[in-house]
Structures are given as structure tokens and as C-alpha cells.
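Student: Give me a 3D structure for the following:
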Amino acid sequence: MANNQLPLKQGGFTFRRFFVAHDKSPMKVTTDSCLLGAWVPIKGDVQHVLDIGTGCGVIALMLAQRLEHQACQIDAIDIDMQAILQCRENSLNAGFKNIKPLNIDVNQFRTTERRCYDLIVTNPPYFQSAVECRSTERQLARYTESLNYQQLIDVVKRLLNPQGLFGLVLPYHLTEQFKQLTVLNQLYLCHELQVKYTANKDYSLVLMAFSFNQHASVERQSLCMRDEQGRYTQQFRQLLADFYLFRK
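Tutor: Modelled structure (predicted):
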């Protein structure tokens with residue numbers, strides 16, 4: 001049987017169908033972003049997607065693959081020009097023409113149509129700036145100085161359509177704080193995935209999806225990435241099956 005898998009390359013991450021270079025972007029391919037790109041719910045006819053803080057473009061690329069049979073435009077924005085150049089390069093090399101990389105601060109981002117996005121996703125900055133990064137670009141990408149949670153929620157309220165979904169990933173210890181803010185701003189949790197990196201550790205991440213509509217119940221799930229022997233679990237393999245090159 002022919003092997004159609006891409007050869008492994010340096011300076012990035014090789015997925016089943018595309019390579020994501022991240023040697024120029026302050027934000028690299030991370031497990032957090034891969035989980036979000038594979039998990040975030042896609043409801044109905046999604047025509048407009050916004051990826052905030054796209055970095056090298058990994059989430060935008062994953063969503064482009066998931067939405068390839070729909071007429072959909074993905075606006076991938078980042079405050080860092082090197083990240084946008086790399087996102088553009090990755091999109092072109094992957095053959096996804098519906099990704100539009102934009103170098104802009106999301107707080108200044110405007111569209112011709114208010115509340116036009118069916119889906120907004122982000123792996124946001126989440127460290128308070130107690131420790132300086134080696135570069136300004138890395139600092140902007142990792143710390144909440146450039147985009148705090150209230151600013152993020154304000155952007156979502158301005159740009160998400162009334163029936164749309166907003167998805168993000170956060171460290172587990174920050175989720176309650178963020179949920180309290182969303183309730184105060186009439187955004188309501190509808191999907192949640194709590195993630196452990198290994199079976200013998202506490203939860204590390206939470207993936208969440210919000211909408212403007214209150215639901216009678218929240219769809220809650222949990223996932224463990226690796227078992228006691230350090231092998232990827234079947235649940236993790238199933239979630240990333242369309243993207244990861246799993247070694248047997």
C-alpha cells in the first residue's frame with residue numbers, strides 16, 4: 001500500500017495533510033492549539049471564521065481542513081507581522097485559499113458587517129507579565145498585556161453573530177475566573193472539555209465554547225492524553241485522527 005504521509009521536516013510540525021512551519025512565529029505549534037482546532041464545535045453552515053492571535057496559523061489550518069467542503073472564509077489575525085507572514089506561507093503551502101491572514105491588533109479590527117462571524121476561536125495569551133520574555137514579540141504572544149480577558153470578550157460581543165460560537169483553550173486554574181466574566185457579559189458556556197496530560201496528574205487545560213444563548217445543560221466531557229505507560233489514549237487518538245501522524 002502506498003504511503004501518502006508527508007515526510008517529517010524541521011522547523012515546524014508535520015500533520016497528515018500539511019506542514020506548519022513555526023520557526024519565524026513567536027507562537028509555535030502547541031498541543032493546546034491542536035486540541036482546540038480539532039475539538040471546537042462546528043454548528044450548521046459556518047461561512048465566516050475568526051482566529052484571534054493565529055500565530056503560525058495552526059488552528060486556522062485545522063479549521064480549513066474541517067470546513068473544506070463548505071464555502072467558508074477564515075480571517076486569521078495577529079499583532080505580530082512575522083507570525084502573519086508565516087501563517088500566509090503555511091496556508092499557501094497547504095493549498096487552503098480561504099485563509100486570510102491579517103496583521104492587526106484585534107482591538108482595532110473592524111469588519112464591514114457587524115457581528116458577522118459564525119465561529120470565533122483563540123488560544124489567548126494567559127500569563128501575567130511577572131517574568132520578562134526574551135523578545136517583545138514573544139511577550140505579546142504569551143502575556144495578557146496585549147489582550148486581557150475583558151478585551152477579548154468585548155471583541156467577541158462585537159464580532160460574533162447572534163447564533164455563533166466562541167471557542168478557546170485556557171489553563172485549568174484560570175477557567176473559573178473567565179467563566180465569571182462571560183456570565184457578566186451575557187456569554188454562556190455550552191461545551192466544555194477538561195484535559196489531563198497524563199492519567200496520574202490533575203487537569204491542566206479546559207477547552208470551552210460559548211454562545212449568546214443560555215442552554216438548559218452544558219455538554220461536559222473529559223480527556224486524558226496519555227495513559228499510565230505514557231502512550232496516547234484511544235480518546236486522544238480519535239480526536240486528532242484526521243490531523244496527527246500517530247506512530248504505532
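
Student: Distance of residue 107 relative to residue 159?
Tutor: Plainly put, residue 107 is 11 Å away from residue 159 if you go by CB to CB, to the nearest Å. Glycine gets a C-beta too; all of them are placed from N, C-alpha and C.

Student: Tell me if I'm right that residue 101 and residue 89 touch.
Tutor: No - with contact defined as CB atoms under 8 Å, residue 101 does not count as touching residue 89 (9.2 Å).

Student: Show me where this structure has its helices.
Tutor: Along the chain, counting by DSSP state H, helices occupy 31-39, 58-66, 81-94, 136-142, 149-159, 175-184, 234-239.

Student: Please identify the most buried of those.
Tutor: Mean neighbour count (mean count of other CB atoms under 10 Å) peaks for helix 58-66 among the helices of the chain, with a mean of 26.

Student: Off-centre distance for that one?
Tutor: In this view, helix 58-66 has its centroid 9 Å away from the chain centroid, taken as CA atoms, centre = their mean, to the nearest Å.

Student: again, but for stretch 83-100
Tutor: The answer for stretch 83-100 is 16 Å, by CA atoms, centre = their mean.

Student: Repeat that for stretch 224-240.
Tutor: Counting by CA atoms, centre = their mean, stretch 224-240 comes out at 20 Å from the chain centroid.

Student: how far does it stretch from start to finish?
Tutor: With CA to CA, to the nearest Å applied, stretch 224-240 spans 13 Å between its terminal residues.

Student: got the contact list for it?
Tutor: Contact partners of stretch 224-240, identified using CB atoms under 8 Å, 6 or more residues apart in numbering, comprise 31, 34-35, 38-39, 195-200, 223, 244, 246.

Student: quick check, nearest of those to residue 120?
Tutor: residue 39 (14.8 Å; CB to CB).

Student: Give me the spatial nearest neighbour of the closest one, chain neighbours excluded.
Tutor: residue 207 (5.3 Å; CB to CB, 6 or more residues apart in numbering).

Student: my read: the one you found touches residue 36, true?
Tutor: Yes - taking CB under 8 Å as the definition, residue 207 is a contact partner of residue 36 at 5.8 Å.

Student: Run through the residues that contact residue 43.
Tutor: Residue 43 neighbours (CB under 8 Å, 6+ apart): 118, 163, 165.

Student: Go ahead and confirm the first one touches residue 166.
Tutor: Read that as residue 118. No - judged on CB under 8 Å, residue 118 makes no contact with residue 166 at a distance of 10.5 Å.

Student: Give me the common contacts of the two.
Tutor: Going by CB under 8 Å, 6+ apart, no residue sits against residue 118 while also sitting against residue 166.

Student: And those two? Which one has more around it.
Tutor: residue 166 (27 against 19; other CB atoms under 10 Å).

Student: Give me the neighbour count for residue 162.
Tutor: 8.

Student: now it: how far from residue 212?
Tutor: Counting by CB to CB, the gap from residue 162 to residue 212 is 6 Å.

Student: cool, and residue 232?
Tutor: 36 Å.

Student: Same check on residue 28?
Tutor: From residue 28 to residue 212 the distance is 33 Å (CB to CB).

Student: What of residue 77?
Tutor: 22 Å.

Student: now swap in residue 57 and tell me
Tutor: 28 Å.

Student: quick one: which of those two has more around it?
Tutor: Taking neighbours as other CB under 10 Å, residue 57 and residue 212 compare with residue 57 leading, 33 against 18.

Student: Now residue 28. Nearest residue, chain neighbours left out?
Tutor: residue 22 (4.3 Å).
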